[in-house]
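>>> Output the structure for:
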Amino acid sequence: MLKQTFKTCKLKEIASFEMGQSPDSSFVNEDGKGLPFLQGCAEFGSQTPNYNFYCSQPKKNAEAGDILISVRAPVGTLNKADRNYCIGRGLAAVRFNKDTLPQLGWHLLNYWSRELQRVAQGSTFEAVGKSELENLKVLEIPKYEQQKIAEILDTVDKTIALTQTHISKLKLAKAGLLHDLLTKGIDEHGELRNPTRNPQQFKDSSLGRIPKDWDVVNLESLCERITDGSHQSVTTSDTGIPFLYVSCVRDGQILWEQAAKISDLLYTQISKGREPKAGLILYTAVGSYGHAALVRDNRKFSFQRHIAYVLPNPEKIFWISCLWLNSPKCKNHADKVALGNAQKTVTLGALGAFPVAFPRNLEEQKNILEYFDGYEKQIINKQTQLEKLKLLKLGLMSDLLTGKVRVKI
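You can find the predicted model right below:
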C-alpha cells in the first residue's frame, strides 16, 4: 500500500467550466435543427441525457466528454455528455484538464458534489453558481492511479446498471402477470387458465371475460371495514411509532423507512377503530391516489386521513383484493370516479363501490397469491441486491477517492 496521501485542491485547479444560459425561445425547436437542448436535469437519464428539443443558435455549449451537473434544485445531479449539447441555465458543463481522466472526474464529482448540495440548501433558491463550483474542494489523485480507480468504480456502476435493468424488466413482466392472474386465475393444476384453448371455462362480466366460477361484486361487500386515517393533526418526532403519509405507500409496498414517528399516547388517541393488523390493506385515496399495499404483520403504526383503511373479510376473500386495487383496470376506474382538480380524491363511498372480480374458491385465491408472491420476492431480492451494491460503491468511493485505500499499480 502506498504511503503518500492525496493533495487537497479546488475543482478549478483540475477542471474548467461552462455555465449554462437559456437561448432565445425562438431558436428552440422539435425539428432537429441545431444541437440537442438541455434546460436542466429533467432531461437526465441514468447516465446520459434523453433530450426532446433542439436549439439552432445556442448561447452555451457542453462538449462530448464533459460532465453535466445540475446547478439548480436538485443541485449536484450528474450526467455524461455523450455528444455536444446546448445547455440552459439549470446546468453547467465540467471539463477536466489533461491531468485528470474524464472517467475519474465522473466519480470525483459523484462523491464530492454532496458538498454543493449542502451549500445550495443555504441559499434562497437552492442553486449554486460558478464560484461554488470552482471552489469545491476535492482531492487531486496521481495520474498513475486514476485509471485503476476509475476501472474499479466503473465495474460497480455497470453491475448497478445491469441490476436496475433487471428490476425494470421484472416489474414489466409483473404487470403482465398481474393482468393474467386477475383475469384468468389458476386451475387445479396450478397453471394459468387459457381462454383460447378452453373458452367454455370463461364468461362475460362487467369487467370483461373472467373464469366461470368467479364473481364481480363491490369491494365493500367483501370487507369488514373501510375507513380513513386520522383527521387529527399530529406532532411527529425522531422516535416512536411509525406514522405513514401517502408517499409511504408505493408500488404495492409500504416504505416504512420513510415514515414519521409519533408518541404512544398520540397513537392510542388516533388509532381507535383503525387498529392495524396483518391482512389490512392501505389505499392512497387523496392526491397520489390509487396505490395499495398489504400489511403483512401486526406491528403498531398509524396513518394520515389521505390513506384508506381496507380490512377484507377473511371468510370471503384474502388479500387478492390488494392485487385488484393495484391493477391497471382498477386504476382506470379510480381515474373516472376521483373528485376534485388540484388534489383529486377517491371518496370512501366510491372506494367501497369499486367492482372486484375474484374467485369464490378460497383455495384458488391462496394459489394466486402464492404465485404472485413468488414473483414479488424475486423483485424484492433484486432490490435488496441493488441497495447492497450502492452501499458497496459508497464505501469504495470513500476509500479510493480520499486516499484511505491506495490501489496497487
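
>>> Every contact and neighbour count from this point should use C-alpha atoms.
Will do.

>>> where do the strands sit along the stretch 51-200 of the chain?
With strands called from DSSP state E, counting those that start in this stretch, the stretch 51-200 of the chain shows them at 53-55, 61-62, 67-70, 78-80, 85-87, 91-96, 137-140.

>>> want to try a markdown table for those, with mean pLDDT, distance to Glu363 and mean neighbour count as columns?
Formatted as a markdown table, the strands of the stretch 51-200 of the chain follow (pLDDT from 0 to 100; distance: least, C-alpha to C-alpha, whole Å; neighbours: other C-alpha atoms under 10 Å):
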| stretch | mean pLDDT | distance to Glu363 | mean neighbour count |
| --- | --- | --- | --- |
| strand 53-55 | 97 | 54 | 22 |
| strand 61-62 | 96 | 61 | 23 |
| strand 67-70 | 96 | 54 | 26 |
| strand 78-80 | 96 | 50 | 23 |
| strand 85-87 | 98 | 59 | 26 |
| strand 91-96 | 96 | 57 | 26 |
| strand 137-140 | 90 | 61 | 20 |
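
>>> mind listing what's buried in stretch 267-284?
By 16 or more other C-alpha atoms under 10 Å, the buried positions in stretch 267-284 come out as 267, 270-271, 274-277, 279-284.

>>> and which of these is nearest to Gln147?
Using C-alpha to C-alpha, Thr284 is the member of the buried residues of stretch 267-284 that lies nearest Gln147, at 48.7 Å.

>>> Who does the closest one form a beta bridge with?
Beta-bridge partners recorded for Thr284 (DSSP bridges): Ile307.

>>> Return the residues in contact with it.
Counting by C-alpha atoms under 8 Å, 6 or more residues apart in numbering, Thr284 makes contact with Val246, Val249, Gly290, His291, Ala292, His306, Ile307, Ala308.

>>> let's see 7 Å
Contacts for Thr284 (C-alpha atoms under 7 Å, 6 or more residues apart in numbering) come out as Val246, Gly290, His291, Ala292, His306, Ile307, Ala308.

>>> quick check, nearest of the buried residues of stretch 267-284 to Cys41?
Nearest member of the buried residues of stretch 267-284 to Cys41, counting by C-alpha to C-alpha, is Thr284, at 28.8 Å.

>>> Mind pulling the model confidence for the closest one?
Per-residue pLDDT puts Thr284 at 95.

>>> On the three-state scheme, Val310 is what?
strand (DSSP: H, G, I helix; E, B strand; the rest coil).

>>> Test my guess that it contacts Ala278.
No. Using C-alpha atoms under 7 Å, Val310 makes no contact with Ala278, being 11.6 Å away.

>>> ok, Lys393 - how many residues close by?
Residues near Lys393, counting by other C-alpha atoms under 10 Å, number 19.

>>> That concludes my questions; thank you for your assistance.
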